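Asker: test case, fold it:
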Amino acid sequence: MSFSPERAEIRFGCGLSPQIAPPQSIGAMLAGLDGPDLMAARFPVLSHEAYWQRRAQWLELKKKRRQASGARAQALADQTNAINRSFRADLLNGIGQTVLRWSLTGEGLRERLTLFWADHFTTVGKTGPQRSAVSSYIDAAIRPNLSGRFADLLIAAVTHPMMLSYLDQQISVGPGSGFARRQNKPRGLNENLAREVMELHTLGVDGPYTQTDVRQLAELFTGLGIDKAGALQFQPRRAEPGAETVLGRSYGGDPARLEAVHRALYDLAVHPATADHIARKLAVHFVSDAPDPDLIGHMAARFLATDGDLRAVYAAMLEHPAAWAEGPGNVKPPFDFMASSCRALAVPEPRLRDAAPAQVNRLLLQPMRAMGQYWQRPAGPDGWPEQDAAWITPQGLSARLRWAMAVPRRLLPELPDPRRFVDDALGAAAPEPVRFAARAAETRAEAVGLILSAPAFQRR
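Answerer: Sure, this is the predicted structure:
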C-alpha cells in the first residue's frame, strides 16, 4: 500500500484530530522534524537545573530537621513536605504537558519518536523526588537529538546525569585508580551502564561482544560522575588508569579523558550490529511485532550508509511499502491510547493545562497504571514491552473500557456527536460495525466510549 495521510497520522503520529490536518506526504512528515520544537516550548516541563536546585534545598532541610527539635523541627518538616508535594506536582505536570503535546502537535512523528527513544534509553527515578526529573531528561537529551546522528543521541543519553544515577555509574571506581587505593574500604567497578550500552542501546542482546568487552567498557566509563550542581563531571582520579580494549579497539590512556568515552560510544553507534538492532526496534515499534525482514534490511543499510543519520533511517522506513501495509497495526500502549483519545476528542488546552495535580492523577496517572503502564516507571532498563500480548490482558482491557466510558465526559463540557466523532477518531476507514454502534448507542457517553474501545481505535 502507498502513502495515506490518515494512516500516516495513526501509525506514525499521535492519532487523528478534528482540528489538525494529517500530513500530506512523507516529505511533510520528515520536514516536521527539522524545525524548532514548538511543543516543548509551548508546554514546558521542570528543567534538570531547577530540579537539582530544589533537590539541594530538600536535602538541606532534611539535614537541618534531623538536628532540630520541637517547634523548629516541625517547621522544617512542614517545609520538607511542601517540597515533596512540589516534586509530586511536577511529576503530574509532566504527564499533563506530554498529553497536551500529543493532542495539539502538527508534528506527530516527533512526539512518537520522543517516546520511542525515551524508552530505548530508559531511565527511572529511584526516589520520589527524582521521578519528577525524568521528563527533564527527555527534553534535554532525547528531543534535541531525534533526527541527527545516532552517535550524538547515544552520547547525550548515556552521559546524562539521570542515566548515570539510574545505573549507579556515579559510584563506579576504577579498581586501580588512585581514589580506590586511598579508600579505607573497597570501592568497586560497576558494570551496569557498560552492559546496558552494549546490550540495549547499541549492539543488542545477541551482539558480537563478550564479558571482557563489557568489563573493559566499564573501566573506560569510570570517571563519569555528577557534580554538586547536578551536571556531568568527569573525574580522572576515579578512572581506571591505562587504555581499555573494546571490540578489538583501544581507548583512553593516561591521563583519562572524557573524549575517550565519546570515541568508544561513537564506534559502538556506527557498528553494523547496532544498525541491525536499531532498524529492527524501529520497525517493531512503528509497523509490526513481526516486521518484514526486507524493511529491516533496508533501514539497516541506510543506517550504515549514512553513519547512523536518523532522519535518513526514518526516511528509509517511510519509503518502504511494508510500512504502509493494510491491516491493523500494533496495540497502543496505555499512554498512547489515552493521549490519542484526548487528541481525537479535541480536549481544550485549559482543561489539562490548568488541571490540579489531583485531577491529573485521577484522570490520567491512575487509569494508566490500571491499564498496566506506570508513568515513566518501566520495570527495568529494557523499557516497556512492544508485544501486543503485553497490553491485551483482561485487567488492562477492563481498565481501558472503564476509562473510555467515564473519562471523556469529565474532560469535555459537551461530548461530540458520535456520528461525527467516529470519523474524527477513525477516519474514512472506520469499520461499519463501529459506525453502527455509534448510531445505536443510547447516550453520547456510551457511543464515544464504544468508539474509543473499538479494536480499530486501540490499534495503530
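Asker: what are the structural domain limits within this structure?
Answerer: 164-269, 334-458 (automatic domain parsing).
Asker: how about the ones you listed, which one is nearest Ala312?
Answerer: Ranking the domains of the chain by their distance to Ala312 (criterion: C-beta to C-beta) puts domain 164-269 first, at 14.2 Å. Just so you know, the C-beta spots here come from the backbone N, C-alpha and C atoms, and that holds for glycine as well.
Asker: and that closest one, average pLDDT?
Answerer: For domain 164-269, mean pLDDT is 94.
Asker: check stretch 135-154 too.
Answerer: 98.
Asker: and of the domains of the chain, who's closest to Pro23?
Answerer: domain 334-458 (13.4 Å).
Asker: roughly how far is that closest one from the heart of the chain?
Answerer: Averaged C-alpha coordinates place domain 334-458 at 20 Å from its chain's average position (C-alpha atoms, centre = their mean, to the nearest Å).
Asker: tell me the mean pLDDT over that domain?
Answerer: In this model, domain 334-458 has a mean pLDDT of 96.
Asker: figure out the length between the terminal residues of it.
Answerer: 9 Å (C-alpha to C-alpha, to the nearest Å).
Asker: ok, which stretches of the stretch 101-250 of the chain are strands?
Answerer: In the stretch 101-250 of the chain, the strands defined using DSSP state E, counting those that start in this stretch lie at 224-226, 232-234, 243-246, 249-252.
Asker: who wins for proximity to Trp58 among those strands?
Answerer: Among the strands of the stretch 101-250 of the chain, strand 224-226 comes nearest to Trp58, with 16.2 Å by C-beta to C-beta.
Asker: adjacent strands (with direction) for that closest one?
Answerer: According to DSSP bridges, strand 224-226 has the following sheet partners: strand 232-234 (antiparallel).
Asker: related to what we said a few turns ago, mind putting the strands of the stretch 101-250 of the chain into a markdown table with mean neighbour count and distance to Tyr266?
Answerer: Shown next, in a markdown table, are the strands of the stretch 101-250 of the chain (neighbours: other C-beta atoms under 10 Å; distance: least, C-beta to C-beta, whole Å):
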| stretch | mean neighbour count | distance to Tyr266 |
| --- | --- | --- |
| strand 224-226 | 20 | 16 |
| strand 232-234 | 16 | 16 |
| strand 243-246 | 20 | 12 |
| strand 249-252 | 18 | 10 |
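Asker: my guess is Pro367 meets Leu401, correct?
Answerer: No - when contacts are counted by C-beta atoms under 8 Å, Pro367 is not listed as touching Leu401 (11.0 Å).
Asker: picking that back up, would you convert the strands of the stretch 101-250 of the chain into JSON lines that also reports distance to Phe150?
Answerer: Formatted as JSON lines, the strands of the stretch 101-250 of the chain follow (distance: least, C-beta to C-beta, whole Å):
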{"stretch": "strand 224-226", "distance to Phe150": "20"}
{"stretch": "strand 232-234", "distance to Phe150": "20"}
{"stretch": "strand 243-246", "distance to Phe150": "18"}
{"stretch": "strand 249-252", "distance to Phe150": "18"}
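Asker: Arg181 is nearest to which of these?
Answerer: The minimum distance between Arg181 and the strands of the stretch 101-250 of the chain falls on strand 224-226, with 17.8 Å, by C-beta to C-beta.
Asker: which residues are contacting the closest one?
Answerer: For strand 224-226, contacts defined as C-beta atoms under 8 Å, 6 or more residues apart in numbering pick out 159, 161, 164-165, 169-170, 172, 193, 232-235, 238, 258, 261.
Asker: now those residues: which count as buried?
Answerer: Among the contacts of strand 224-226, those scoring as buried are 159, 161, 164-165, 169-170, 172, 193, 233-235, 238, 258, 261 (criterion: 16 or more other C-beta atoms under 10 Å).
Asker: on that earlier part again, out of the contacts of strand 224-226, which comes closest to Ala28?
Answerer: Distance ranking of those against Ala28, using C-beta to C-beta, places Thr159 first at 33.7 Å.
Asker: quick check, pLDDT for that closest one.
Answerer: We note a pLDDT of 98 for Thr159 in this prediction.
Asker: excluding covalently adjacent residues, which one is nearest to it?
Answerer: Distances taken as C-beta to C-beta, 6 or more residues apart in numbering place Leu232 nearest to Thr159, at 5.4 Å, with adjacent residues excluded.
Asker: ok, now which ones touch the one you found?
Answerer: Counting by C-beta under 8 Å, 6+ apart, Leu232 makes contact with Thr159, His160, Pro161, Leu164, Leu224, Gly225, Ile226.
Asker: before we move on, back to that, out of the buried ones among the contacts of strand 224-226, which is nearest to Arg101?
Answerer: Nearest member of the buried ones among the contacts of strand 224-226 to Arg101, counting by C-beta to C-beta, is Pro161, at 23.5 Å.
Asker: distance check, that closest one against Leu401.
Answerer: Distance, Pro161 to Leu401, by C-beta to C-beta, to the nearest Å: 40 Å.
Asker: now the residue in the chain sticking out farthest from the centre: how far from Asn84?
Answerer: Distance from the centre of the chain peaks at Gly70, with 44.5 Å (C-alpha atoms, centre = their mean). To Asn84, Gly70 is 21 Å away according to C-beta to C-beta.
Asker: same check, this time on Trp324
Answerer: For Trp324, the distance to Asn84 - C-beta to C-beta - is 48 Å.
Asker: ok, now Glu244?
Answerer: Distance, Glu244 to Asn84, using C-beta to C-beta: 42 Å.
Asker: so how many other residues sit close to Arg377?
Answerer: Using other C-beta atoms under 10 Å, Arg377 has 13 neighbouring residues.
Asker: grab the nearest non-local neighbour of it.
Answerer: Distances taken as C-beta to C-beta, 6+ apart place Val124 nearest to Arg377, at 5.6 Å, with adjacent residues excluded.
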